[in-house]
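# The following block contains a protein sequence and its predicted model.
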Amino acid sequence: MLERHQSADIEAYTKGRGIVIFLYLAYMLSFADRVIFGIVMKPAKAALGFTDSQLGLLAGAAFALSYAIFCPIGGLMVDKFNRKAIMVAAITFWSVMTFVTGLVSSFLAFAVVRACIGIGESLLGPLAVSLVGDSVRREERARVFGFYLSAGAVGTILAFVIGAGVIHLFSRSPHGGLFVYGIGVIAPWRAVFLAAALPGFVLAFAVFLRLREPPRTLGHPASAPAGHDDTMVFLKRHWTLLVSMFIGLAACQLGSFTWATWGVVFFGRVHGWSLSQSATVLGATTAISALFGCLACGRIIEAVRRRNVVSAPFWVGMISSIVFAILGSIGVMMPNASAAVAVLTMASFCGYMPAVSIFAAMGDLLPAAARGRFAGLQTLAIGVITNTLGPYMVGMLSDRAFPSVTGIRYSLLTTFLSTAAVGTLLVLPSMAAYRRRMQEKFVPAPVSTL
């Protein structure tokens, strides 16, 4: 009997680890596909004549609004249908759209394709919350989500490597770009999108062949007392927690996502770096720092919990946002490039901790039977706030408030500080509500002796 239980535990662990690896690779590629647009904004602007506001809309709103709007629908699909099939379809769809991005020219066409990428990638968040919830023990989820979200930093590095490598390779070719028979010469910045799309097709095929759908579970009976985990009851009783988790922590995350979008442009305008130099240096410094921050965040949350701070994910997400905003603001105001890289690398260590904190909090707080739907709402908030507002704010401020070449540093500073302040004001009041929810879930109700 003991051997049978041990065998089942090993099988469950192996299956859970395989699921996490596939989710990690999918998130890595999805993040590379969304970040890579920021790397080619400079040559795209020169070739197509877009304004900074238009670039901000393409990098932010065009992608993020569709990402956000489709998320609740995607979350419902994840709760109702086969998750393996959804994952294969999502990866294939956004990879096709990334490829098409390298072929279009008008602002409207770019907006439509970016919106389609957002639709495909919007399914990944609900998939991660649902699959990890059904295959990983609660006490390990913060670390697993930290590992999963570190793929965003790896995806950023991958985007920098692909962007710098492809542009460097094809800029030196005799044709001045990628020559395709029957089509002609494709500009190096366009070839970046074609190269970024290819790994997604390989991953989709691997998921189709190897991923096994885990059984759905409502969690341990003690974590689902009757009446408390009904979706509408949860919404009515814990709406302040949802505001803090979905809007407050999304605002806390906004600064680092904005930096990932505009960082290459910043070093080009303020410090005169080439696109390939900016991409290479940022990939080797700030992106790697963000990777280690993600990996450390789960352990930091666990360490804070061991000090009996039940709302550890909220505290870690809020404080890391404040640290990023302060260091990031100092970094963009540095007078030379080396000092700016050094300070921004320190800031980036905290950059994606709010995202890890969101997932850890969802694992703590959400009713198990509706993880996909609530994760869809969370992705809606991230899409509207983080992915839309941040990139557009910088572009709009650069066009209207700080129109000089180096004005982008003031646009970034304003965005970093203001959004961290808003996030803090929304998260801080809900610490007590977090504690009450955890008591409600895990402290058993008194048993009558009558």
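That came through fine.
# Which residue lies closest in space to the residue nearest in space to the middle of the chain, excluding its sequence neighbours?
Most central in the chain under CA atoms, centre = their mean is Gly152, positioned 5.9 Å from the mean C-alpha point. Of all residues not flanking Gly152 in the chain, Phe31 sits nearest, at 4.4 Å (CB to CB, 6 or more residues apart in numbering). Heads up, the C-betas are built off the backbone N, CA and C, glycines and all.
# and that neighbour, how far is that from Ile157?
From Phe31 across to Ile157, the span is 10 Å (CB to CB, to the nearest Å).
# Can you list the low-confidence ranges for the stretch 251-400 of the chain?
The model of the stretch 251-400 of the chain has pLDDT under 70 over residues 368-372, 383, 387.
# The stretch 201-350 of the chain: helices as residue ranges?
Remark: helices assigned in the stretch 201-350 of the chain by DSSP state H, counting those that start in this stretch are 231-237, 239-242, 249-271, 275-284, 286-305, 312-332, 337-349.
# mind listing what's buried in the third one?
For helix 249-271, burial by neighbour count (16 or more other CB atoms under 10 Å) applies to 249-271.
# Repeat that for the first one.
For helix 231-237, burial by neighbour count (16+ other CB under 10 Å) applies to Phe234, Arg237.
# In terms of helices and strands, where is Met393?
helix 390-400 (DSSP states H and E).
# Quick check: what element follows that helix along the chain?
Sequence-wise, the next helix or strand downstream of helix 390-400 (DSSP H and E) is helix 408-427.
# and the following helix or strand past that following helix, C-alpha only, in CSV?
Next helix or strand after helix 408-427 toward the C-terminus (DSSP H and E): helix 431-442. Extracted in CSV, the C-alpha atoms of helix 431-442 (Å, rounded to 0.1, in the frame of the first residue of the first chain):
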residue,chain,number,x,y,z
MET,A,431,-3.8,43.4,4.2
ALA,A,432,-6.4,42.7,6.9
ALA,A,433,-8.9,41.3,4.3
TYR,A,434,-6.2,39.0,3.1
ARG,A,435,-5.7,37.6,6.6
ARG,A,436,-9.5,37.1,7.0
ARG,A,437,-9.8,35.2,3.7
MET,A,438,-6.9,32.9,4.7
GLN,A,439,-8.6,32.2,8.1
GLU,A,440,-11.8,31.5,6.3
LYS,A,441,-10.2,29.0,3.9
PHE,A,442,-7.9,27.1,6.3
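# other SSEs contacting helix 431-442?
The contact analysis (3 or more CB pairs under 8 Å, 6 or more residues apart in numbering; DSSP states H and E) places helix 431-442 against helix 239-242, helix 312-332, helix 353-365.
# Repeat the analysis, applying 10 Å as the threshold.
helix 231-237, helix 239-242, helix 312-332, helix 353-365 (3 or more CB pairs under 10 Å, 6 or more residues apart in numbering; DSSP states H and E).
# Quick check: which of those is nearest to Lys42?
Of all the helices and strands packed on helix 431-442, helix 312-332 sits nearest to Lys42, with 17.4 Å by CB to CB.
# the inter-axis angle of the closest one versus helix 353-365?
Helix 312-332 runs at 170 degrees relative to helix 353-365, counting by axes from the mean of the first three to the mean of the last three CA atoms, to 10 degrees.
# Show me what helix 312-332 is packed up against.
Secondary-structure packing of helix 312-332 (3+ CB pairs under 10 Å, 6+ apart): helix 138-171, helix 249-271, helix 286-305, helix 337-349, helix 353-365, helix 408-427, helix 431-442.
# Go through that helix and flag the buried ones.
Going by neighbour count (16+ other CB under 10 Å), the buried part of helix 312-332 is 312-332.
# Let me know the angle separating it from helix 286-305.
Put simply, helix 312-332 runs at 150 degrees to helix 286-305, going by the same axes, to 10 degrees.
# Might you calculate how far helix 312-332 sits from the centre of the chain?
16 Å (CA atoms, centre = their mean, to the nearest Å).
# angle of it against helix 138-171?
Angle, helix 312-332 to helix 138-171, by the same axes, to 10 degrees: 30 degrees.
# May I have helix 312-332 as PDB, with CA atoms only?
Extracted C-alpha coordinates of helix 312-332, given in PDB (Å, rounded to 0.1, in the frame of the first residue of the first chain):
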ATOM      1  CA  ALA A 312       3.100  38.100   2.200                       C
ATOM      2  CA  PRO A 313       2.400  38.200  -1.500                       C
ATOM      3  CA  PHE A 314       0.800  41.700  -1.100                       C
ATOM      4  CA  TRP A 315       3.700  43.000   0.900                       C
ATOM      5  CA  VAL A 316       6.300  41.700  -1.400                       C
ATOM      6  CA  GLY A 317       4.600  42.900  -4.500                       C
ATOM      7  CA  MET A 318       4.000  46.400  -3.100                       C
ATOM      8  CA  ILE A 319       7.500  46.900  -1.700                       C
ATOM      9  CA  SER A 320       9.200  45.600  -4.800                       C
ATOM     10  CA  SER A 321       7.200  48.100  -6.900                       C
ATOM     11  CA  ILE A 322       8.400  51.000  -4.700                       C
ATOM     12  CA  VAL A 323      12.000  49.900  -4.900                       C
ATOM     13  CA  PHE A 324      11.800  49.500  -8.700                       C
ATOM     14  CA  ALA A 325      10.200  53.000  -9.000                       C
ATOM     15  CA  ILE A 326      12.900  54.700  -6.900                       C
ATOM     16  CA  LEU A 327      15.900  52.900  -8.500                       C
ATOM     17  CA  GLY A 328      14.400  53.100 -12.000                       C
ATOM     18  CA  SER A 329      13.900  56.900 -11.600                       C
ATOM     19  CA  ILE A 330      17.500  57.300 -10.500                       C
ATOM     20  CA  GLY A 331      18.700  55.100 -13.300                       C
ATOM     21  CA  VAL A 332      17.000  57.000 -16.200                       C
END
